[in-house]
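Undergrad: Below is the sequence, then the predicted model.
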2 protein chains.
Amino acid sequence: MERPGGRTARVRTSVLQAAGDALAEQGFANLDLGDLAKRADVGRTTVYRRWGSVTAVVTDLLLEMAIESVPRVDTGSLTDDLRANARLVVRTLTHHRQGPLFKAVIAAATWNEVTAGALTRFYDTRIKEWAPCVTDAVRRGEVPSDTDAEEVVKAVSAPLYYRFMTGTGELDEAVADRAADAAVAAARAGVFSRANGAR
Amino acid sequence: MERPGGRTARVRTSVLQAAGDALAEQGFANLDLGDLAKRADVGRTTVYRRWGSVTAVVTDLLLEMAIESVPRVDTGSLTDDLRANARLVVRTLTHHRQGPLFKAVIAAATWNEVTAGALTRFYDTRIKEWAPCVTDAVRRGEVPSDTDAEEVVKAVSAPLYYRFMTGTGELDEAVADRAADAAVAAARAGVFSRANGAR
C-alpha cells in the first residue's frame, strides 16, 4: 500500500507536467482541465477537485517552477555570477519546451489577473534567489554599498526578455554576457544605488 | 464630390482607431472584422475587401503606430535624449488605452506569426528612429566610437518592458530615468562596443 502523500505528490507532478507540455504546444487559451487529466492519466474528478480551474493549475505550475529553478551560483565575481544568470535565462527562453511555455504564460498574464499575480511571484522568487550575488559583491567592494540588489538582477533579465517578446534580436551566450556586463557597468557607475532613487 | 483618396484614408483611420480601441478593451482573441466595421461605422464589405483578416488590420495598425510615433529628440546630451525616450515609453505603457493595446499585441505575437513580424517591425522602426541619439553622442565623444547605437536604444526600453510584462515593479519617471542612465553607463564602459561582440 502506498502512502497517500506519495500518490498525491505523483498526481501533482503528472498534472503539472501535462500542463507545461500543453502550454508549450498549444498556449493557454486552449487549455482544458479535462484534457489535462487525460494527458496526465489522472482521473478528471481528482483534477477538478484539486485545482478546479486551468488558472489554478498554471498558478501551481509557476510555483513549482520557481521552487525547482536553478539556485544562484557563487563564483566570487559579480560579472561571472550575473553572466551565469543571464546564460541560464537564455537557455530557458530558447529551450524547445520552456520557451513556448514562458510565452504562453506571459501572454495569459495580459488578460488573466490570477496568472499575472502568479507570474510576478515567479519572477520575484527568482530575483530574490539571485540577489545575494549582488549583496556579496557589495561586501567585496565591487559595487557601491547602497546598490539595490534586486534592481541589478532585473536589469540582467530585462534585455533578454525584451528580445524574447519583441523579436528584436537573437538570444545567445554573447547577448547573455552583454546583458550581465551592462548591469554590472551600470551598478558600478552607481545607477542602481538607493541614493539614486532605486527601489 | 470627394476625392477617393480622401475617403479611403478616412476609412483606414476609422478602422485602425476602432481596432486600437477594441484591442485595448478586449484583447486580440476577441477581435472580429464585422465588429470592427460596425465600430468604425464602415461597410463590412469594404473592411473585408481591404484587410481580409483581423491580423491584417493589426499589422496595418502597427505600421501606422510606428509612423505616427514621436520622433527622436535632440537635446545635445545622450543622457537627456535617452531619458526623453524612456519617459515616452513609460507614458505609452502606462497610458489607459495604449498600455492595454500593447499588452494585447505582444500577447497575440506569441501565437500569431504575422503579428509577431509586424510587432518586430514596429520596434525596429522605433529603434532606428532613436538610434541617431547615440551616433550623435559618438560624434560628441560621449561614448566609444564603435558603440552599437541600436543596442543602446534597446537597452533603454528593455527594463521598462520587463516590468510591464512581468509586473515586477512600478513604471514611472524615476524608473525611466534609471533605465536611460543604466544604458548610458554601460555604453560608456564599452559594453555596447562592436569590438565587444555587440550586433
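TA: Sure thing, it's come through.

Undergrad: Let's see whichever strand or helix holds A:Val156 as PDB, backbone CA atoms only.
TA: Under the assignment given by DSSP states H and E, the secondary-structure element containing A:Val156 is helix A:149-166. Only the C-alpha atoms of helix A:149-166 are listed here, as PDB (Å, rounded to 0.1, in the frame of the first residue of the first chain):
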ATOM      1  CA  ALA A 149      20.500  44.100  -5.500                       C
ATOM      2  CA  GLU A 150      17.100  43.200  -7.000                       C
ATOM      3  CA  GLU A 151      17.200  46.000  -9.500                       C
ATOM      4  CA  VAL A 152      20.600  44.700 -10.800                       C
ATOM      5  CA  VAL A 153      19.200  41.200 -11.200                       C
ATOM      6  CA  LYS A 154      16.200  42.600 -13.000                       C
ATOM      7  CA  ALA A 155      18.500  44.600 -15.300                       C
ATOM      8  CA  VAL A 156      20.200  41.300 -16.300                       C
ATOM      9  CA  SER A 157      17.000  39.600 -17.400                       C
ATOM     10  CA  ALA A 158      15.300  42.600 -19.000                       C
ATOM     11  CA  PRO A 159      17.200  42.800 -22.300                       C
ATOM     12  CA  LEU A 160      16.800  39.000 -22.700                       C
ATOM     13  CA  TYR A 161      13.000  39.200 -22.200                       C
ATOM     14  CA  TYR A 162      12.800  42.300 -24.400                       C
ATOM     15  CA  ARG A 163      14.300  40.300 -27.300                       C
ATOM     16  CA  PHE A 164      12.200  37.300 -26.500                       C
ATOM     17  CA  MET A 165       8.900  39.200 -26.600                       C
ATOM     18  CA  THR A 166       9.600  41.700 -29.400                       C
END
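
Undergrad: tally of neighbours for A:Asp136?
TA: Residues contacting A:Asp136 under the criterion other Cβ atoms under 10 Å in any protein chain shown number 18. Placement of C-beta: from N, CA and C, glycine included.

Undergrad: Contact partners for it?
TA: By Cβ atoms under 8 Å, 6 or more residues apart in numbering or on different chains, the residues touching A:Asp136 are A:74, A:78, A:81.

Undergrad: what's the answer for A:Glu129, then?
TA: A:Glu129 makes contact with A:69, A:71-72, according to Cβ under 8 Å, 6+ apart.

Undergrad: Which residue in the residues you listed has the weakest pLDDT?
TA: When those are compared by pLDDT, A:Ser69 scores lowest at 89.

Undergrad: other SSEs contacting the helix or strand bottoming out on mean pLDDT in chain A?
TA: Ranking every helix and strand in chain A by mean pLDDT, DSSP states H and E puts helix A:4-26 at the bottom, with a mean of 92. Where contact means 3 or more Cβ pairs under 8 Å, 6 or more residues apart in numbering or on different chains; DSSP states H and E, helix A:4-26 is packed against helix A:33-40, helix A:44-50, helix A:54-68, helix A:98-111.

Undergrad: With respect to chain B, which of the contacts of A:Glu129 is nearest?
TA: Nearest to chain B, judged by Cβ to the nearest Cβ, of the contacts of A:Glu129 is A:Ser69 at 14.7 Å.

Undergrad: The closest one reaches A:Tyr123, doesn't it?
TA: No - contact criterion Cβ atoms under 8 Å: A:Ser69 and A:Tyr123 do not qualify, at 10.7 Å.

Undergrad: From the chain's centroid, how far away is stretch A:125-144?
TA: Stretch A:125-144 sits 18 Å away from the centroid of its parent chain (Cα atoms, centre = their mean, to the nearest Å).

Undergrad: mean confidence for it?
TA: This predicted structure assigns stretch A:125-144 an average pLDDT of 98.

Undergrad: What of stretch A:75-94?
TA: Per-region confidence: stretch A:75-94 scores 98 on mean pLDDT.

Undergrad: can I get the contacts of A:Asp136 in TSV with secondary structure, distance to chain B and neighbour count?
TA: As requested, the contacts of A:Asp136 are arranged in TSV below (DSSP: H, G, I helix; E, B strand; the rest coil; distance: Cβ to the nearest Cβ, whole Å; neighbours: other Cβ atoms under 10 Å in any protein chain shown):
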residue	secondary structure	distance to chain B	neighbour count
A:Asp74	coil	23	12
A:Leu78	helix	14	23
A:Asp81	helix	17	24
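
Undergrad: centre of the chain versus the longest helix belonging to chain A, how much separation?
TA: For chain A, the helix reaching the highest residue count under DSSP state H is reported as helix A:113-139. Distance, stretch centre to chain centre, for helix A:113-139: 9 Å (Cα atoms, centre = their mean).

Undergrad: Same question for stretch A:11-29.
TA: Computed by Cα atoms, centre = their mean, the separation of stretch A:11-29 from the middle of its chain amounts to 16 Å.

Undergrad: Give me the neighbour count for A:Arg194.
TA: A count of neighbours around A:Arg194, defined by other Cβ under 10 Å, yields 13.

Undergrad: what's the neighbour count on A:Lys38?
TA: Around A:Lys38 there are 14 other residues, counting by other Cβ under 10 Å.

Undergrad: any idea how far A:Val15 is from it?
TA: Remark: distance between A:Lys38 and A:Val15 (Cβ to Cβ, to the nearest Å) = 11 Å.
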